[in-house]
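> here is a sequence with its predicted model. Questions after.
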Amino acid sequence: MMRILGRLPLATLIFLTACGAAPITPVTVSLTDGGLQVPPEHRAAVEEIVGVMRDDLGLPVPQRVSVYVYESRASFREGLMDEGYVAIDRVNEIASFAAGLARPGRVLLHAKATRGRLEWKRLIAHELTHVVQFNLAGGDGRADQWLAEGLAERVAFEVLQHMGMDSLADRRERALNGARKHPGFAAGRLDLAALGSPREFTLRHQRDGSLETYQLSFLMADYLVQRDGLPVVLEYFRNCRVMDRDRAFARTFGQPIQQFETEVLAYLRGLGA
């Protein structure tokens with residue numbers, strides 16, 4: 001534990017565990033003071049993941065992040081409204097499929113919605129990556145949603161690899177098997193312009209298959225990281241702070257998104273040959 005604390009000298013985390021609908025006041029703690037007043041089963045996992053993200057992957061995790069952990073679906077719904085600012089008409093929709101939600105500077109997690117230690121840590125890393133993206137872009141919803149989700153998956157898998165729990169190679173192979181079942185992949189038209197919209201991405205993954213859509217997004221983001229490097233992909237999110245996502249994509253990667261769609265589809269089909 002002291003080794004982890006030493007790796008995160010400036011970070012501050014806020015933890016909240018909600019077992020019911022009654023509000024609980026978050027406890028703010030500094031990771032340098034050694035007196036964390038948080039549930040131990042969640043504290044250690046978040047600290048370790050933040051350490052890997054910052055020190056091993058070089059991700060600019062914000063100095064202050066609020067982590068809300070909910071132990072029931074009902075309390076998670078309450079959290080979506082109270083801490084996630086989700087409109088009441090969308091709460092049930094999101095709670096029906098989501099195990100976590102990120103907002104600028106905060107993460108909401110449903111502890112009972114994942115199976116096993118590996119998936120729980122993957123969820124934490126995935127949502128924390130969204131917090132990084134929001135911080136770079138100056139808010140949520142600014143970047144292409146397929147790339148935001150795909151990169152969050154890519155980072156989460158790499159975190160697990162650093163922790164000796166998984167491997168990127170295995171995840172790529174499994175994702176390719178799933179992506180082949182995606183209607184856009186089969187039809188040869190990924191429609192990335194539509195998948196860039198947060199709302200349209202949600203509708204598409206509900207229609208075309210949630211797992212398949214996320215696996216396809218992971219493979220495309222992974223391709224960009226392998227081709228251009230993680231720092232360049234992070235620069236895309238910075239560019240989204242000052243320009244729309246189409247211009248940010250073209251500026252960052254040197255090609256319009258339509259050209260990238262043709263390129264990445266050919267790459268993925270080559271992998272599957």
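That came through fine.
> low-confidence ranges, this protein, go.
Scanning the chain with the threshold set as pLDDT under 70 gives 1-40, 272-273.
> show me the helices in it, by range?
2-7, 40-51, 73-82, 88-97, 116-137, 145-162, 168-179, 183-187, 192-195, 198-208, 210-228, 230-239, 245-253, 257-272 (DSSP state H).
> deepest of those, which one?
Comparing the helices of the chain by mean neighbour count (mean count of other C-beta atoms under 10 Å), helix 145-162 ranks first with a mean of 25. In this view, the C-beta of every residue, glycine as well, is placed from N, C-alpha and C.
> could you figure out how far that helix is turned away from helix 198-208?
Using axes from the mean of the first three to the mean of the last three C-alpha atoms, to 10 degrees, the direction of helix 145-162 lies 70 degrees away from that of helix 198-208.
> chain center to helix 145-162, what's the gap?
6 Å (C-alpha atoms, centre = their mean, to the nearest Å).
> which strands or helices does it pack on?
Counting contacts by 3 or more C-beta pairs under 8 Å, 6 or more residues apart in numbering; DSSP states H and E, helix 145-162 packs against helix 116-137, helix 168-179, helix 192-195, helix 198-208, helix 210-228, helix 230-239.
> redo those as JSON lines? Include distance to Gln145.
Putting the helices and strands packed on helix 145-162 into JSON lines (distance: least, C-beta to C-beta, whole Å) gives the following:
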{"stretch": "helix 116-137", "distance to Gln145": "11"}
{"stretch": "helix 168-179", "distance to Gln145": "17"}
{"stretch": "helix 192-195", "distance to Gln145": "6"}
{"stretch": "helix 198-208", "distance to Gln145": "4"}
{"stretch": "helix 210-228", "distance to Gln145": "8"}
{"stretch": "helix 230-239", "distance to Gln145": "12"}
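> compare these and give me the one nearest Glu149.
helix 210-228 (4.8 Å; C-beta to C-beta).
> list the contacts of that closest one.
97, 146-147, 149-151, 153-154, 157, 168, 171-172, 174-176, 178-179, 181-182, 184-185, 190, 192, 195, 201, 204-205, 232-233, 253, 264, 267-268 (C-beta atoms under 8 Å, 6 or more residues apart in numbering).
> burial of Glu114, as a residue count?
Check again: residue 114 is Thr, not Glu. 17 (other C-beta atoms under 10 Å).
> is it true that it touches Ile124?
No: using C-beta atoms under 8 Å, Thr114 is not in contact with Ile124, being 9.4 Å away.
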